[in-house]
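1. sequence first, predicted model second:
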Amino acid sequence: MNKQKKFKELVYAPEIMVIPCCHDGLSAKVLEEAGFEAICAAGYGVTGSLIGKPDIGLLNGMELLNQYKNIINSVDIPVFVDIDTGYGDANNVIRIVEECERIGAAGLFIEDQTWPKRCGHMKGKDVIPVKDFLPKLKAAQYARKNPHFSIMARTDSAAVYGIDEAVRRSEIYAQNGADMIFVEAVHDIEDMKKVNAVLNKLGVPSFANMIEGGQTPILSATELQELGYSVVAYPCSTVFTAVKAMRVMAGYLKEHGTTSGFENNMVNFEEYFDFIGAQNIRDREKQFYTDS
């Protein structure tokens, strides 16, 4: 499968694409098993998973990239990735984009925040001027080898300067070759309409972000499609769910001194053995090892 081409086809399909975000290979496999045709890997969950810290720019590009490689290698579906601000100037962007293509990512997004960045739904964000972001966007396009590799521009300017500035930037980024546009932390449906009125007219796909407890209202995929979105991501759902589930298990174990009686909340050894692909590996080994 040409994962880059497949991802772009899904972006332009008549039905909105729902792409939940994973934070490691295990969560990626769960999402693939559920039937999603593509997934995303982004800094919020990966940072929490790798170092137990918030998404405030603590991981560098190569640390994120190594986790993205593990995720991409764990599944057969396209994986869209997050490169934050590009980790420097145009030359840094070129390097990270080349590496993302090399490891098999379906595409990526780059944002106009200052560095160190922070999660798009946190307070205290700032953005760089448009004239400083465009060289990064152009460098990403320059570095791309596969024409199907998607490059999305994200703007966090709505939280800093208001929705009109975010709409202005989204139009500029679209006119400068971005394959998709992501206006982060849109506060209400009327602002969503403002964004998509411009992007839909330009024919550039619009990307929505649903964070439970975040600043953007949680809408269904159908509602978002009616508002003009082509893609909707759920960047925090897996990591939020994992933390809650493990808290419940840890509390039970601490209280009872055993997991006996808690088994209905877990997969068992055999289920995990099958899920993780261990049986396929055992079967594969047979072609290399024979009984003496």
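-> It's in.
2. so residue 55 sits in a helix?
-> No - according to DSSP: H, G, I helix; E, B strand; the rest coil, residue 55 belongs to no helix; its state is coil.
3. the stretch 51-200 of the chain: strands as residue ranges?
-> Assigned by DSSP state E, counting those that start in this stretch, the stretch 51-200 of the chain shows strands spanning 79-82, 107-111, 150-155, 180-183.
4. now render the ones you listed as JSON lines, adding mean pLDDT and distance to residue 171.
-> C-betas here are computed from N, CA, C, even on glycine. Listed next are these as JSON lines, based on pLDDT from 0 to 100; distance: least, Cβ to Cβ, whole Å:
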{"stretch": "strand 79-82", "mean pLDDT": "98", "distance to residue 171": "23"}
{"stretch": "strand 107-111", "mean pLDDT": "98", "distance to residue 171": "17"}
{"stretch": "strand 150-155", "mean pLDDT": "98", "distance to residue 171": "10"}
{"stretch": "strand 180-183", "mean pLDDT": "98", "distance to residue 171": "9"}
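5. what's the closest of the ones you listed to residue 142?
-> Proximity to residue 142 (Cβ to Cβ) singles out strand 150-155 among the strands of the stretch 51-200 of the chain, at 10.4 Å.
6. partner strands of that closest one, parallel or antiparallel?
-> In the sheet, strand 150-155 lines up against strand 107-111 (parallel), strand 180-183 (parallel) (DSSP bridges).
7. got JSON lines for those strands, with distance to residue 91 and mean neighbour count too?
-> Formatted as JSON lines, the strands paired with strand 150-155 follow (distance: least, Cβ to Cβ, whole Å; neighbours: other Cβ atoms under 10 Å):
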{"stretch": "strand 107-111", "distance to residue 91": "14", "mean neighbour count": "26"}
{"stretch": "strand 180-183", "distance to residue 91": "24", "mean neighbour count": "26"}
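8. closest to residue 46 out of these?
-> Residue 46 lies closest, by Cβ to Cβ, to one member of the strands paired with strand 150-155: strand 107-111, at 13.5 Å.
9. can you list contacts of the closest one?
-> For strand 107-111, contacts defined as Cβ atoms under 8 Å, 6 or more residues apart in numbering pick out 4, 7-8, 78, 80-86, 93, 97, 100, 117, 120, 136-137, 140, 149-156, 179-180, 182, 184, 207.
10. can you give me the distance of the nearest residue to residue 218 once chain neighbours are set aside to residue 254?
-> Leaving aside its sequence neighbours, residue 218 sits nearest to residue 210 (Cβ to Cβ, 6 or more residues apart in numbering; 5.4 Å). Look at residue 210 and residue 254: by Cβ to Cβ, to the nearest Å, they are 33 Å apart.
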